[in-house]
Structures are given as C-alpha cells and as structure tokens.
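Visitor: Sharing a model that was predicted from the sequence below.
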Amino acid sequence: MSDKKNFRPKFPWPIITLLLALGVVIILIVAKLFPDTFNFSGGKQAQDAGNQDQVAQEVVSPEIDGQLTINNQSLLTEPKQLASRFTYDSGVEIAYPEEGVKGIYLSGAGAADPSIRQANIDLIDQTGLNAVVLDVKDDYGSITMPLESDNQLVNDNTVPTLDSNELMQTFADKQIYPIARITTFKDTNLAQAHPERSFRTADGSVWTNDGGDAFLNPYQKENWDYLVEVAIGAAKLGFKDIQFDYVRFPEGFETFGETLQYDMGDYSEYGKDSTEAREAVISDFLAYAREKLRPYGVDVSADIFGYVTIVESTPGIGQNFRQIADEVDVISSMIYPSHWSPGYFGFQAPDLEPYGVVDQYMEKELTLLDDIDSDTITRPWLQDFTASYLGSGNYMTYDANAVQAQIDALQDHGVNEYLLWNAGNEYSQGVDYK
C-alpha cells in the first residue's frame with residue numbers, strides 16, 4: 001500500500017494555538033493602550049489607568065454576536081478629553097476658583113513695577129478678587145517673558161521684562177488664577193519686520209490704522225502657528241487660561257480691505273469683500289488654537305466687542321458671536337458703558353448708566369447663549385476707568401460706586417464671573433468684589 005494513499009495529514013494545532021494566543025495578546029495590548037477600542041456590556045465610558053478622566057463621549061457601535069461591541073472609528077481618533085497621561089503638566093497647581101473667576105488686568109509694565117504689582121496683589125488678598133489677566137504678548141507684539149520655544153520668531157520678539165518663575169510662585173502661593181493675555185492679530189512689531197505677513201498698501205508699505213498699529217493677516221496660517229506657539233509657551237509656564245485679544249481684523253476693514261495687498265490662502269474663493277470669509281477665518285483660528293492647546297489642560301477664551309452680541313455678525317472685523325462661542329471655553333465681551341454710542345439701550349449717554357448698560361446687555365447675551373444652547377462661560381470685561389475723552393456731560397468718574405453697579409447688574413442676572421480693565425492697573429477700593 002502506497003504511503004501517499006494511506007497518508008492522513010495532521011492538522012497543525014500547535015501553530016493554530018500559538019496564533020490564537022498571539023491574537024489575544026494583541027487584543028489585550030490594544031485594549032490597554034486604546035481603552036475606547038473595545039466596549040463590553042453596554043459600552044460604558046472608558047476610564048484611564050488612574051480611573052480619573054472619563055472619555056467625554058461614548059461611541060455607539062454595531063454589536064457582534066450580541067456581546068462584543070467594536071469601535072468602528074479609527075484607532076488614531078483623538079478623544080475630546082485627553083486622559084491625564086497625555087496632558088502636559090506645568091507643575092503649577094492653581095485651582096479654578098469655586099466662586100468663579102473675578103479678575104483684574106495687569107500689563108507687562110505694571111507687573112514689572114514692584115510697587116504696582118504689590119498693590120494689585122494686596123488688593124486681591126483683601127477682597128473677593130481671585131484672578132489676574134497678564135500680558136504675555138502685548139499690544140505691540142512683544143513677548144514679555146521667556147517662553148520654552150524653538151521658534152525663532154518667538155525668541156526674536158521676546159523682550160523679557162518679567163520673571164515668570166517668580167510670578168507663578170506668587171500666584172501659586174496665593175492661589176491667584178493666572179490668565180495669559182495674547183494680543184493676537186494686532187502686532188506692529190512682527191508686521192513691520194515681515195510685511196509679507198501683514199496687509200500692505202499699493203506701494204508695498206505695511207498698512208497701519210490712525211494710531212499707527214499694524215495687523216497680521218488672519219488668512220495666513222503661518223501666523224496661526226506663530227500665535228499658537230506663544231500660547232503653548234504660556235501654558236507650559238503654568239497659565240490656566242489663554243485669552244486671545246484683538247482676535248479680529250482691523251476696525252472698518254470692510255471699507256478699505258479690498259484696496260490692500262494680501263493673500264487669502266484657503267479662503268480666496270470667497271473674495272476680499274466677503275464678510276463670511278472674515279468671520280470664518282476668525283472662528284477657524286480659535287478652533288485650531290483650542291485643538292492645539294488641548295494637551296496642555298488650559299481653557300481658551302476670546303475677547304470680543306460688546307456690539308458683536310447685539311448685531312451677531314460684524315461686516316468688517318470678522319467676529320461672529322455664535323461662531324466664536326462654539327470654539328472657546330470662555331467668551332469675554334467688552335461691555336464698558338463708555339464704548340456704547342448715544343442711544344444704545346435707550347440711553348443718550350451710556351457712560352452715565354453703569355448698571356443699566358450692563359443689565360440690558362446681559363439680558364441679550366444670556367438669551368443668545370441660551371438660544372444657541374452653548375455651555376461657554378460668560379466672563380465680561382467691566383469698566384474701571386474714567387472716559388473723559390467722551391466730553392462734558394457724556395462721562396462720569398468711575399469710582400467704587402460705578403464699579404459696584406456693574407457687578408451688581410451681573411449678579412442680578414446670575415453671572416458671577418468678570419474681569420476689570422484699567423490700562424494703568426489702578427482699581428477701585430471699597431468695592432464688594434463678590
């Protein structure tokens with residue numbers, strides 16, 4: 001009898017067993033590294049190894065054999081809330097104030113002056129104030145403290161007037177919540193040094209407004225990366241909130257923007273006369289910045305003009321309340337009574353009505369936030385300066401009573417967060433900063 005005829009091949013069980021075991025090991029490794037990949041028994045939200053951070057959103061996936069549910073998203077999809085092991089730790093422990101952020105603005109020059117700095121820290125110590133908005137990138141584009149960055153432009157524009165380590169130690173010791181103010185697209189220094197990153201007139205010179213300020217071109221994504229690099233540097237220092245100010249085009253841009261030379265990049269199909277393009281690029285920048293800053297555990301906030309809330313869509317500066325509210329954690333409307341024209345809210349001289357202006361404004365903003373179902377925190381800028389430039393009969397001295405009236409108006413609407421602006425860093429004594 002032939003050996004071939006009587007041959008009965010043996011099934012390779014050892015190899016199959018080895019492959020199955022290897023498969024189980026791979027599944028366990030994937031499940032450990034990517035907790036959302038496999039969900040058992042109803043798809044509970046995954047937790048990290050320390051059982052601290054829940055994934056923000058459960059993924060619904062098709063069932064297999066009634067038991068195992070497999071995530072049909074890419075393994076590289078990033079969760080909305082990063083687990084703690086993927087978050088940068090600055091080493092600065094400052095908690096978000098339970099009673100809400102109540103802050104003052106401190107300029108780079110003010111923070112560098114020992115007497116001004118100490119006076120404001122003393123004010124915070126003695127009152128219900130608990131936060132500081134500090135210039136990291138100032139109104140001219142100068143970066144006020146050394147940042148951890150390999151970006152040559154960041155280093156070129158750093159004018160280190162502040163000792164960030166000393167400041168952060170003070171903030172941590174006193175649990176003062178630190179907010180990094182980054183003047184965004186208004187940047188005369190960088191625009192003059194690199195005209196191609198700005199708006200140019202017909203003769204090729206950098207366009208400036210009546211005050212001599214130049215702006216970076218928001219359509220140019222190299223500018224986005226530069227600004228985000230500054231923001232990341234601030235987050236690494238220990239700032240807990242990155243506040244983008246001047247996150248807009250120059251005022252009146254709709255009336256002269258078409259005459260300037262600049263590249264619209266990915267937004268060129270809209271055309272230079274497009275309000276939609278300007279609004280889209282501003283909100284897109286904020287979305288981009290927020291995404292890049294997520295691993296650093298900071299909030300992202302944006303300063304906007306108060307009238308943006310009233311009109312919702314601005315033709316020139318590119319601020320759209322609804323779009324911006326969707327892309328930030330905090331929205332800080334500048335609702336200074338002095339900034340409203342005669343007739344707003346029914347007041348002939350709005351600066352004389354600190355309670356009334358804030359009261360009527362907040363009714364509109366809160367209604368709008370409710371209408372768009374936004375969980376964005378409202379943290380308005382209030383006025384603690386006297387606008388004598390308005391002329392006799394149109395302004396009043398802003399003292400403790402005027403500041404108190406604005407805070408009371410917020411409280412009457414259930415708003416417990418605010419920021420106070422005074423360019424000279426001198427704030428009213430005797431206010432119940434509740």
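Guide: Alright, I've got the coordinates.
Visitor: ok, now how distant is residue 189 from residue 230?
Guide: 12 Å (CB to CB, to the nearest Å). Placement of C-beta: from N, CA and C, glycine included.
Visitor: which of these two has more neighbours?
Guide: residue 230 (25 against 17; other CB atoms under 10 Å).
Visitor: And for the nearest residue to the more buried one once chain neighbours are set aside, the neighbour number?
Guide: Leaving aside its sequence neighbours, residue 230 sits nearest to residue 137 (CB to CB, 6 or more residues apart in numbering; 5.3 Å). Neighbour count of residue 137, defined by other CB under 10 Å: 33.
Visitor: what do you get for residue 99?
Guide: Neighbours of residue 99 under the rule other CB under 10 Å: 10.
Visitor: and what of residue 414?
Guide: Around residue 414 there are 8 other residues, counting by other CB under 10 Å.
Visitor: how does this protein divide into domains?
Guide: As recorded under automatic domain parsing, the domains making up the chain are 13-82, 102-421.
Visitor: Of all the ones you listed, which one is nearest residue 96?
Guide: Taking CB to CB, domain 102-421 is the member of the domains of the chain nearest to residue 96, at 6.7 Å.
Visitor: measure that closest one end to end?
Guide: By CA to CA, to the nearest Å, the extent of domain 102-421 from end to end equals 12 Å.
Visitor: same question, stretch 297-316
Guide: This stretch, stretch 297-316, spans 33 Å end to end (CA to CA).
Visitor: Point out where the stretch 51-200 of the chain drops to low pLDDT.
Guide: The stretch 51-200 of the chain contains residues with pLDDT under 70 at 51-86.
Visitor: Could you give the average pLDDT over stretch 368-381?
Guide: Across stretch 368-381, the average pLDDT comes to 95.
Visitor: tell me which residues in it are buried?
Guide: Using 16 or more other CB atoms under 10 Å as the test for burial, stretch 368-381 gives 368, 369, 374, 376, 377, 378, 379, 380, 381.
Visitor: residues in contact with that stretch?
Guide: Applying CB atoms under 8 Å, 6 or more residues apart in numbering, the contact partners of stretch 368-381 are 101, 301, 303, 306, 309, 312, 321-322, 325-326, 328-336, 358, 361-362, 365-366, 410, 415, 417-421.
Visitor: where does the residue nearest the centre of the chain land in three-state SS?
Guide: With distances taken as CA atoms, centre = their mean, the residue of the chain nearest its centroid is residue 300 (2.1 Å). When classified by DSSP: H, G, I helix; E, B strand; the rest coil, residue 300 comes out as strand.
Visitor: which residues touch it?
Guide: Residue 300 neighbours (CB under 8 Å, 6+ apart): 241, 242, 244, 286, 289, 290, 293, 327, 328, 329, 330.
Visitor: tell me the contacts of the second one?
Guide: Same thing as residue 242. By CB under 8 Å, 6+ apart, the neighbours of residue 242 are 179, 180, 182, 231, 234, 235, 289, 293, 298, 299, 300, 301.
Visitor: Kindly recompute the last result at 10 Å.
Guide: Contact analysis of residue 242 by CB atoms under 10 Å, 6 or more residues apart in numbering lists 136, 179-182, 227-228, 230-232, 234-235, 289-290, 293, 296, 298-302, 328-330.
Visitor: picking that back up, I'd like the distance between the closest residue to the residue nearest to the centre of the chain other than its chain neighbours and residue 249.
Guide: What sits nearest to residue 300 in space, not counting adjacent residues and going by CB to CB, 6+ apart, is residue 290, at 4.5 Å. Computed with CB to CB, the distance linking residue 290 and residue 249 is 20 Å.
Visitor: So which of those two has more stuff around it?
Guide: When residue 290 and residue 249 are compared for neighbours, residue 249 comes out ahead with 25 against 20, by other CB under 10 Å.
Visitor: Was I right to think that one contacts residue 305?
Guide: No. Using CB atoms under 10 Å, residue 249 is not in contact with residue 305; the gap is 12.0 Å.
Visitor: Give me the common contacts of the two.
Guide: 314, 317, 319.
Visitor: List phi and psi for the residue nearest to residue 230.
Guide: Per-residue torsions, residue 137: phi -120, psi 110 (degrees, to the nearest 10).
Visitor: what's across from it in the sheet?
Guide: residue 143, residue 182 (DSSP bridges).
Visitor: How about the contacts made by it?
Guide: Contacts for residue 137 (CB under 10 Å, 6+ apart) come out as 108, 143-145, 147, 154, 157-158, 180-184, 186-187, 189-190, 226-227, 230-231, 233-234, 244-246.
Visitor: Tell me which of those residues fall in strands.
Guide: Under the assignment DSSP state E, those contribute 180, 181, 182, 183, 244, 245 to strands.
Visitor: and the gap between the first one and residue 242?
Guide: So the one you mean is residue 180. Taking CB to CB, one finds residue 180 at 5 Å from residue 242.
Visitor: Equivalent analysis for the third one, please.
Guide: Taking CB to CB as the measure, residue 182 and residue 242 are separated by 6 Å.
Visitor: Now list whatever residues contact both of those two.
Guide: Common neighbours of residue 182 and residue 242, counting by CB under 10 Å, 6+ apart, are 136, 227, 228, 230, 231, 234, 289.
Visitor: these two touch, right, the fourth one and residue 158?
Guide: Yep, that's residue 230 we're talking about. Yes. At 9.5 Å, residue 230 and residue 158 qualify as touching, with contact defined as CB under 10 Å.
Visitor: Okay, buried residues for the helix or strand hosting residue 169 please.
Guide: Residue 169 belongs to helix 164-174 when assigned by DSSP states H and E. The neighbour-count check on helix 164-174 (16+ other CB under 10 Å) flags 164, 167, 168, 171 as buried.
Visitor: can you pull the contacts of the third one?
Guide: Applying CB under 10 Å, 6+ apart to residue 168 gives the contacts 90, 91, 92, 94, 145, 176, 178, 237, 238, 239.
Visitor: how about 8 Å then?
Guide: Counting by CB under 8 Å, 6+ apart, residue 168 makes contact with 92, 178, 237, 238.
Visitor: Please tell me which one of those residues counts the most neighbours.
Guide: residue 178 (25 neighbours).
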